[in-house]
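Novice: Dropping a prediction and its sequence here:
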Amino acid sequence: MNTSEPKIKIFTSYFKPWDIIENDIITPIQCGRATADVKLPMIGDDTGDNISDKNYMYSELTAQYWAWKNDSDYDYIGFMHYRRHFNFSEDALKTVDEYNGDISSSLDDAGMVYHNYYIDDSYKENINMENITKCIDSADIIVANQEETLPNVLKHYSSIHESKDISIIKKIIQDKYPEYYKEFSSLLKDEKISPFNMFIMKKDLFNEYSDFLFTILHEFEIVADLDLRIEYQARACGYIGERLLQLFIKHHDNKKIKYLQRTYINNSLVMNYNYNELIQNNNDTINIALCFNLNYLPHNCVIIKSIMDNANPNDQYNIYCLTRNIDQDCQNNDAMSILEIMIDLEKSFPNLKIICLDITNYKALLFLMPDITHYTVDTFSRLFIPDILPNVEKIIYLDGDVIVCDNLKKMYDIDLTNLAVGAVPELMMKVLLRHNHKILLDGKLLYTVNKFFNKNKLNPDTYFNAGVLLLNLDYIRKNKIQHQWFKMLNKYHPFVDQDILNISFKDKIKIIDTRWNIWAGFMEEQKEIRFRKNLSVKVYRDWQNAINKPGVIHYPGPRKPYDELKPFRKLEIYWWEVAKTAPFYEHFLQRGMNFSASNSNLPAEIHHPVSPLFSIKQYLLLNHPILATILKLPYRMLRLIHHTIQYFKNFK
C-alpha cells in the first residue's frame, strides 16, 4: 500500500467456524471468544479492554468495542460479518433471479426485506485492497444500502423484540444526548435503515460514534435487565445498535455518506479450521470425504475411528465431513454439537484433521436440484465434492455404512493418471443383468436393466459401486465432468447418483481390487448361494480372496450391523470391534438391544460370531457345492436349533 493511500482496517466478525476472508485490510475477529467453546484461528475480542463476556447481549458489537479500545490507529475503521460483506467492486452483483434461481429477495415475518445475493467464485477477488481503497474515495461514512423496515422502524422493532426497549432508549437519549432526541423521534417513523451494524468511518467519526453507542447501550443493559430474557431477546444491544447507527448517520447528514451493496453469502462453507492451511497436501496426506446428516453422526464416528486405527502415524489424514445444519445440537449425544464431537475425536490422533463443511446452503443444492423431491439432498452430496473442495486434487469417498480394515494409503496411492475414478465393480448388477431385472417407477415398467445399460452404453464389467470411490478431482474439474452431473439430476436413474457417476465416467474408470469395497450382504446364508450362481468362477474367487484380507467392508441394504446386537453376517464382526472403542458405543448397544447399555456387555457371539456350522457350510460351498445343496435342509434345521439355544442363553 502506498504511503499516500489511507490506512484502512475492516474487521469481519465471526461467531462460529466459517469460510475465512483475510488480507492486509480485512481482519477476521472472533466475537464472544471469552465464553466460546471453540477458539477460531484468528484474533479474539477477549484481550485488553473488552466486553467479550457480554457477547450474548451485544452480539457483533463486542468486536467494535474491542477495536475502539485496543486497535483503532487507522484512517478508516470498518466492520462486516462473516457472511455479510460490502461489495467493493464497481459493478453490482447479480441477484439470484439473474442466475435463474428461485428467490431474489425474501420478506421476513416482521417486514424486513433481505436481498439474498448469490456470490460466485470471483466474489473474494472483489474484496481486495485496490477495490476497497478506490471505493472509499474520501467518503466520511460508508454503510450498506438502506432496506425497508415495514411499516416503520418503531413498529418493525416492536413486532419482533421487546417494545419497551424503544422507550428505554428514548429516555436515555433524552437525558444524555438531547441534541439527538428529535432526530430519534423522526427515525422511528422512517421506513428504511442500513442494517447489521456494518459501516466504515473515518477515525474521528468512529471514535465519536463508538463513545455515543456504548454510552447508551451500557445504560440500556442495566435498565432493561437483559439477563432475565430468553437468549434471542437478550441480544437487544445488538439490535438497538442497528437503529443507533442509523440515528448517528441521520445526525451527521452533512458528512459525505456513501451507500454500498450489501451481500449475503448463501453458499459459504462452515469449517472448524482455516481451510487454506489444511489443503496444503503433500505425498503423505490422505484426503477422505464423508457425507452425512445428524442422524448418521454416530456411524461416521465409527468410520473415522476405523480409518485411524489402520493408519500409519507418519501419514497425515484430512477427513472432510460434508453435512447439513452443523450448528444444531446432535440429538443422540445430549446436545453436543457435531463440531465438539469431531474435535474430541480428532484429539485422539495427532495425524488427523477433521474439517466439517456445512453444505446446507450450498448453491447447487438450492438452484440445481428443483425437481427431485423424491430423493433426499444427502443422497447427492458426493456430487458436489469437486466444487466444494476446489483445491483438493484427489480424495477417497466413503459411504456411511462401511468399516475400514486396512491402511487407506494403499488405496489412495493407486495411480489414476488420465482417469476419473478408481472403484470396485458392482457385483449385484451382474446378477440383475443375468435375470434382465425390471425397473419400475410408481408401479409402472420403465425398462429392464439390460435396456438401461444399452441405452447409456454402460459396460457391465466396469459398472462400479459408488459406496467407496477414489476420485481424481483434478481430472474431473479440468474436464468439467461434474457439470454433466447437474444436467442429469432431473432425469430418473434407477440407482440414483451411482448411475450418474457411471454414465459420466464410462471409459475413465480404473477397476481396483475387490477388497476395497466388499459387499457384506453376500455373506448371508442362502443369498450367497444365489449370488454365486450368477458369477464366473474367477469373479467369485476374487471376492472370496478379498474377504480373507478386507480393505473396506460395505454394508448396503436395509440390514446394518448395528441393527441387532448379535451379528449373523460373518463380516459384521469387524464393525462391532471398532464400535466398541468409538464414540456412541452405548448408543449402538441401546439400539441393538432394548435395555440399558450400562447393564449390558457384548455377548460372546460378538467376539466369535461364526458358528462351526457356518464354517462347515462355507467349506462345502467352496469345495463341494453339490453336497452343500443336498445338505441345505438339514443345515437349516441345525441352524434353527443353534439360534434357539443361543436365544434362551441370552434371555436368561
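Specialist: Structure received. Numbering: from 1, shown residues only.

Novice: Tell me, how many residues neighbour the closest residue to residue 70 other than its chain neighbours?
Specialist: Distances taken as CB to CB, 6 or more residues apart in numbering place residue 48 nearest to residue 70, at 4.1 Å, with adjacent residues excluded. For every residue, glycine as well, the C-beta is placed using N, CA and C. Residues lying near residue 48 (other CB atoms under 10 Å) number 9.

Novice: Quick check: closest non-adjacent residue to residue 186.
Specialist: Per CB to CB, 6+ apart, closest to residue 186 is residue 250, 7.4 Å.

Novice: can you check residue 342 too?
Specialist: Nearest one to residue 342, counting by CB to CB, 6+ apart, is residue 354 at 4.5 Å.

Novice: For the one you found, give me phi and psi.
Specialist: phi -110, psi 120 (degrees, to the nearest 10).

Novice: Could you report the pLDDT at it?
Specialist: Per-residue pLDDT puts residue 354 at 87.

Novice: Following the chain onward from the helix or strand harbouring residue 68, which element is next?
Specialist: For residue 68, the host element (DSSP states H and E) is helix 61-70. For helix 61-70, the following helix or strand on the C-terminal side (DSSP H and E) is strand 76-81.

Novice: pLDDT on that following strand, on average?
Specialist: Mean predicted confidence for strand 76-81 is 96.

Novice: Could you do stretch 313-324 as well?
Specialist: 88.

Novice: Only the buried residues of it, if you could.
Specialist: Under the neighbour-count criterion of 16 or more other CB atoms under 10 Å, stretch 313-324 has 315-324 buried.

Novice: returning to that earlier point: quick check: phi and psi at the residue nearest to residue 70.
Specialist: phi 60, psi -150.

Novice: Would you check how far apart residue 581 and residue 422 are?
Specialist: 29 Å (CB to CB, to the nearest Å).

Novice: Would you mind telling me which of the two has the busier surroundings?
Specialist: The neighbour comparison of residue 581 against residue 422 (other CB under 10 Å) goes to residue 422, with 24 against 12.

Novice: For the helix or strand harbouring that one, which helices and strands make contact with it?
Specialist: For residue 422, the host element (DSSP H and E) is strand 421-423. Helices and strands touching strand 421-423, as assessed by 3 or more CB pairs under 8 Å, 6 or more residues apart in numbering; DSSP states H and E, comprise strand 468-472, strand 509-511.

Novice: Quick check: next helix or strand after the shortest one?
Specialist: In the C-terminal direction, the helix or strand that comes right after strand 509-511 (DSSP H and E) is strand 518-519.

Novice: Could you name the helices and strands sitting against that following strand?
Specialist: Against strand 518-519 (3+ CB pairs under 8 Å, 6+ apart) you get helix 537-548, strand 552-554.

Novice: can you put these in a markdown table and add distance to residue 498, mean pLDDT and mean neighbour count?
Specialist: As requested, the helices and strands packed on strand 518-519 are exported to a markdown table (distance: least, CB to CB, whole Å; pLDDT from 0 to 100; neighbours: other CB atoms under 10 Å):
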| stretch | distance to residue 498 | mean pLDDT | mean neighbour count |
| --- | --- | --- | --- |
| helix 537-548 | 19 | 79 | 14 |
| strand 552-554 | 12 | 92 | 25 |
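
Novice: Any idea which of those gets closest to residue 190?
Specialist: strand 552-554 (61.3 Å; CB to CB).

Novice: Tell me which residues of the helix or strand that the closest one is followed by come out buried.
Specialist: Going down the chain from strand 552-554, the next helix or strand is helix 572-579, by DSSP H and E. Under the neighbour-count criterion of 16+ other CB under 10 Å, helix 572-579 has 572-579 buried.

Novice: So for the helix holding residue 68, what gets flagged as buried?
Specialist: In helix 61-70, counting by 16+ other CB under 10 Å, buried: 61-69.

Novice: With stretch 40-49 instead?
Specialist: Of the residues in stretch 40-49, those buried (16+ other CB under 10 Å) are 40, 43-46.

Novice: For it, C-alpha coordinates in CSV please.
Specialist: Taking C-alpha atoms only, stretch 40-49 is exported to CSV below (Å, rounded to 0.1, in the frame of the first residue of the first chain):
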residue,chain,number,x,y,z
LEU,A,40,-11.2,-20.0,15.9
PRO,A,41,-7.9,-19.4,14.1
MET,A,42,-8.0,-15.6,14.3
ILE,A,43,-7.7,-12.8,16.9
GLY,A,44,-10.4,-12.6,19.5
ASP,A,45,-12.3,-9.8,21.3
ASP,A,46,-11.2,-11.0,24.7
THR,A,47,-7.9,-9.2,25.2
GLY,A,48,-7.1,-5.7,26.7
ASP,A,49,-10.2,-3.6,27.5
